[in-house]
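Trainee: Sequence and predicted model, in that order:
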Amino acid sequence: MIIARLMGGLGNQMFQYAAARTLALRLGVELKLDLSFFNQENRETTPRSYELDVFRIAAAPATLEELSVAESLSVRNDSIFSRLKGVLSGQREEPFLYREPHFQYDPELLKQPDGTVLSGYWQSERYFVEHRPLLLSEFTLKNGMESRYQEIEADIDSSESVAVHIRRGDYASNPAVADYHGLCSLDYYHKAAAIMARQLKAPRFFLFSDDPDWVAGSLKLSSPSTVASFKDCTSPASELLLFSRCSHAIIANSSFSWWGGWLNQNRNKIVIAPERWFARPEINTDDLIPASWIRL
């Protein structure tokens, strides 16, 4: 059994699931999800909830007993000495905590044995791109899309649609989050839209955001545009899959819109992503953006 510790919002949870799912498939074992993060109160982070249950994923929440055993044994095994001991003996039946060592792709993740607890974000398609068809089928809604999104979907399917994600929320309101992530500027969106306008005959932009009122009043594009998000959003997964229905995408420095671009199945899609993903330039993001996407 592999246990994935989930944390963060929908996009982060999808990264964590996809990487752990790949490891579980390689080992031929069951995947369980540690949801304890969502029961913790931390005023320094944005409140989050478990969101993968709307998808057709192949993993269930770990039981309290499984988490209790994994927690006690992982803490005991989370040392260089314990790891070396396990490698030399060739036998390790106890759970072992494997933490993400850095932001870029870590090939050691997919070498971990049965009984590993994974803790990290794992934000690179290199962990799971080999199982893209499977993940495309698993990241579909069990109960279908909300009706109000289906109306927009019809407009998307009948136009040369470009999804545009404007992430604000805690990026704009929380100083600590803003200092770490930063916001994509209006200039970025105008330049990206201009690229789309040069390469597409009649683009129509569909604007997705956690602050749709701000977007409606602040982002003015030269081509037709429609705000596709609702202020009272109750289904982030519906918005994400609606985003992925567009033919092309302009994404923010957000795991949510990263998945909107990645789930897009248009073989000729154009995806534009910001060159700087974090406000702090020392973080290595070389493995984050697929090679076929444009960084701007």
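Mentor: That came through fine. For clarity, every value in this text was computed on a predicted model and none was experimentally measured.
Trainee: which residues does Ala163 contact?
Mentor: If you count contacts by C-beta atoms under 8 Å, 6 or more residues apart in numbering, Ala163 has them with 206, 208, 228, 243-246, 248-250, 257, 260, 264. Using the backbone N, CA and C atoms, a C-beta is placed for each residue, glycine as well.
Trainee: what about 6 Å?
Mentor: Applying C-beta atoms under 6 Å, 6 or more residues apart in numbering to Ala163 gives the contacts 206, 243, 246, 249.
Trainee: and it, bridged to which residues?
Mentor: Phe206, Ala249 (DSSP bridges).
Trainee: Using neighbour counts, pick out the buried residues of whichever strand or helix holds Ala19.
Mentor: According to DSSP states H and E, Ala19 maps onto helix 10-27. By neighbour count with 16 or more other C-beta atoms under 10 Å, helix 10-27 contains the buried residues 10-25, 27.
Trainee: again with stretch 141-156
Mentor: Buried residues in stretch 141-156, defined by neighbour count with 16+ other C-beta under 10 Å: 145-146, 149, 152-153, 156.
Trainee: and it, how far out from the chain's middle?
Mentor: Distance of stretch 141-156 from its chain centroid, counting by C-alpha atoms, centre = their mean, to the nearest Å, is 20 Å.
Trainee: Next, the residues that contact it from outside, please.
Mentor: Defining contact as C-beta under 6 Å, 6+ apart, one finds that stretch 141-156 is touched by 54, 56, 228, 235, 238, 242, 245-246.
Trainee: among the buried residues of stretch 141-156, which two are most distant?
Mentor: Pairwise distances across the buried residues of stretch 141-156 (C-beta to C-beta) peak at 14.6 Å, for the pair Glu146 and Ile156.
Trainee: on that earlier part again, could you export the buried residues of stretch 141-156 to CSV, including columns for secondary structure and distance to Leu136?
Mentor: Formatted as CSV, these follow (DSSP: H, G, I helix; E, B strand; the rest coil; distance: C-beta to C-beta, whole Å):
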residue, secondary structure, distance to Leu136
Met145, coil, 16
Glu146, coil, 21
Tyr149, helix, 19
Ile152, helix, 21
Glu153, helix, 17
Ile156, helix, 18
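Trainee: which among those gets closest to Gln40?
Mentor: Glu146 (29.2 Å).
Trainee: returning to that earlier point: most neighbours of all the contacts of Ala163, which one?
Mentor: Ranked by neighbour count under the definition other C-beta atoms under 10 Å, the contacts of Ala163 are headed by Ala249 with 30 neighbours.
Trainee: give the contact list for that one.
Mentor: Contact analysis of Ala249 by C-beta under 6 Å, 6+ apart lists 163, 260-261, 271.
Trainee: Narrow these to those in strands?
Mentor: Judged by DSSP state E, strands contain the following of the contacts of Ala249: 163, 271.
Trainee: Most neighbours among the contacts of Ala249, which one?
Mentor: Within the contacts of Ala249, neighbour counts (other C-beta under 10 Å) peak at Ala163, which reaches 28 neighbours.
Trainee: Next one: that one from Asn266, what distance?
Mentor: Between Ala163 and Asn266 the computed distance is 11 Å (C-beta to C-beta, to the nearest Å).
Trainee: Kindly report the same for Lys142.
Mentor: Applying C-beta to C-beta to Lys142 and Asn266 gives a distance of 24 Å.
Trainee: Pass me the low-pLDDT residue ranges in the stretch 51-200 of the chain, would you?
Mentor: Applying pLDDT under 70 to the stretch 51-200 of the chain flags the ranges 69-95, 173, 178.
Trainee: ok, and Ser161, which helix or strand is that part of?
Mentor: Using DSSP H and E, Ser161 maps to strand 160-166.
Trainee: Next SSE downstream of that strand?
Mentor: Where DSSP H and E defines the elements, the next helix or strand beyond strand 160-166 is helix 170-173.
Trainee: Return the list of helices and strands in contact with that next one.
Mentor: Applying 3 or more C-beta pairs under 6 Å, 6 or more residues apart in numbering; DSSP states H and E, one finds that helix 170-173 makes contact with helix 175-181.
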